[in-house]
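Visitor: Dropping a prediction and its sequence here:
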Amino acid sequence: MTKIFAHRGSSGTHPENTLISFAESVRIGVDGIELDVHLTKDGELVVIHDETINRTTNGKGLVSEYTVAELKTFDAGGWFSLHYEQETIPTLTEVLGLLTELDYQGTLTIKVKTDQKEYPGIEETLVRTIKNKDWPFVVNYSSFNLVTLQRLAELDPVTPKAWQTIGSVVTIAFANYFTAIERIEPNFSWFIQSEAELIELEKRVCPWTVNSEPEMWMCFERKVAGFHTDYPAQAIKLRQRYEREQFSFV
C-alpha cells in the first residue's frame, strides 16, 4: 500500500509546521508526518521550513538569530488565516510530546534543513533528542544534504534515512550506491519523467509534493512506497477509492 505523508503536517488546510497542523494529520489518520528542523541561537531544534521566519511568521530574520523564547513571541499561523494567529513556532520536543499525547503510531520524518545553512552540531542534537526516550511512532531522518545524512548514519545507524532531491540520472545512480539511506524522495516533476529509471532503483521511492488527484492516482498506479502531500485527507479518500476499484476487478 502506498503510504501518505502529511507534508509539513496538513499544510494545505492548516498553517504548515504548527502543532494544529500536526494534530489534524493525526486526526485524519495519516501514515506519516513530515516536518523540518532548524537550530536556534540557544541550540534548540525548532520546527519551521525556511532558514528565515519571514514567510510564515510576522517577524523577520534568520531562525539562528533568535532564542526559542524570542521565536515564541511571533505569530506563526496568522499568515494562513486569522483563525490560527495564536499558533507559534513549535520546538521539536513540543511536537514529539504532542504526537505521544495523541498516541500517534505512524511514521515521523524529520527533515534536517542544512541544504542552505550549516548548523554546527544539529545532527548530534537531533539524535540526542530522539534517543532520549522510546516513542510510540517510528522516526525517520531526511535531508537534501548528503553530508548531514552521512553524519546521521554515523551517529545513529539504526534510524532509517531518506535523501530528498530535485532529481537527475546521477541522483539515481548515486542513491543506489549511498548506503546511508533507505529511501529516496524525488521532486514529483522529476518523478513523472523517470519511470524507467525508477524501476531500476533499489531504494524505496517517496516523491514530493503530490497535490492533485491525477498525481496521487499516478503514485498509486506506480505503487511507490509513499508520497508527500499538502492535502493528506484528500489523498486518503482517493486511496480508498483506488483500492475499491482495484478490488472490484478481482
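Guide: Happy to help now that I have it.
Visitor: Find the nearest non-adjacent residue to the residue sitting nearest the centre point of the chain, please.
Guide: Using C-alpha atoms, centre = their mean, the residue of the chain that lies closest to the mean C-alpha position is Glu34, 2.3 Å off. Leaving aside its sequence neighbours, Glu34 sits nearest to Thr109 (C-beta to C-beta, 6 or more residues apart in numbering; 4.4 Å). Where you see a C-beta, it was placed from the backbone N, CA and C, and this is true even at glycine.
Visitor: now swap in Pro136 and tell me
Guide: With C-beta to C-beta, 6+ apart as the measure, Gln105 is the residue that lies nearest to Pro136, at 5.5 Å, once sequence neighbours are left out.
Visitor: cool, and His38?
Guide: For His38, ignoring the flanking residues on the chain, the nearest one in space by C-beta to C-beta, 6+ apart is Val63 at 4.4 Å.
Visitor: Pull the contacting residues for the one you found.
Guide: The contact partners of Val63, by C-beta atoms under 8 Å, 6 or more residues apart in numbering, come to 38-40, 46, 48, 50-53, 71.
Visitor: Need the contact partners of stretch 126-135.
Guide: Residues outside stretch 126-135 that contact it (C-beta under 8 Å, 6+ apart) are 37, 45, 92-93, 96, 99-100, 108, 110, 112, 139, 141, 152, 155-156, 159.
Visitor: gap between it and the chain center?
Guide: 17 Å (C-alpha atoms, centre = their mean, to the nearest Å).
Visitor: And for stretch 3-11?
Guide: For stretch 3-11 - counting by C-alpha atoms, centre = their mean - the centre lies 7 Å from the chain centre.
Visitor: does the closest residue to Asp230 other than its chain neighbours sit in a helix, a strand or a coil?
Guide: Once flanking residues are discounted, Asp230 sits nearest to Gly12: 3.6 Å by C-beta to C-beta, 6+ apart. Assigned with DSSP: H, G, I helix; E, B strand; the rest coil, Gly12 falls in the coil class.
Visitor: Just to be sure, the residue nearest to Glu34 is in a strand?
Guide: Yes - residue assignment for Thr109, taken from three-state DSSP, places it within a strand.
Visitor: burial count for it?
Guide: When neighbours are counted by other C-beta atoms under 10 Å, Thr109 registers 27.
Visitor: ok, it to Ile33 distance?
Guide: For Thr109, the distance to Ile33 equals 7 Å [C-beta to C-beta, to the nearest Å].
Visitor: can you list residues touching both of the two?
Guide: Common neighbours of Thr109 and Ile33 (criterion: C-beta under 8 Å, 6+ apart): Phe5.
Visitor: re earlier: list the residues that contact the residue nearest to Asp230.
Guide: Residues near Gly12 by C-beta under 8 Å, 6+ apart: 211, 229-231, 234.
Visitor: what helices or strands is the lengthiest strand in the chain leaning on?
Guide: Once the chain is assigned using DSSP state E, the strand that runs over the most residues is strand 32-39. The criterion is 3 or more C-beta pairs under 8 Å, 6 or more residues apart in numbering; DSSP states H and E, and the helices and strands that strand 32-39 contacts are strand 3-7, helix 19-28, strand 45-47, helix 92-101, strand 107-112, helix 122-130.
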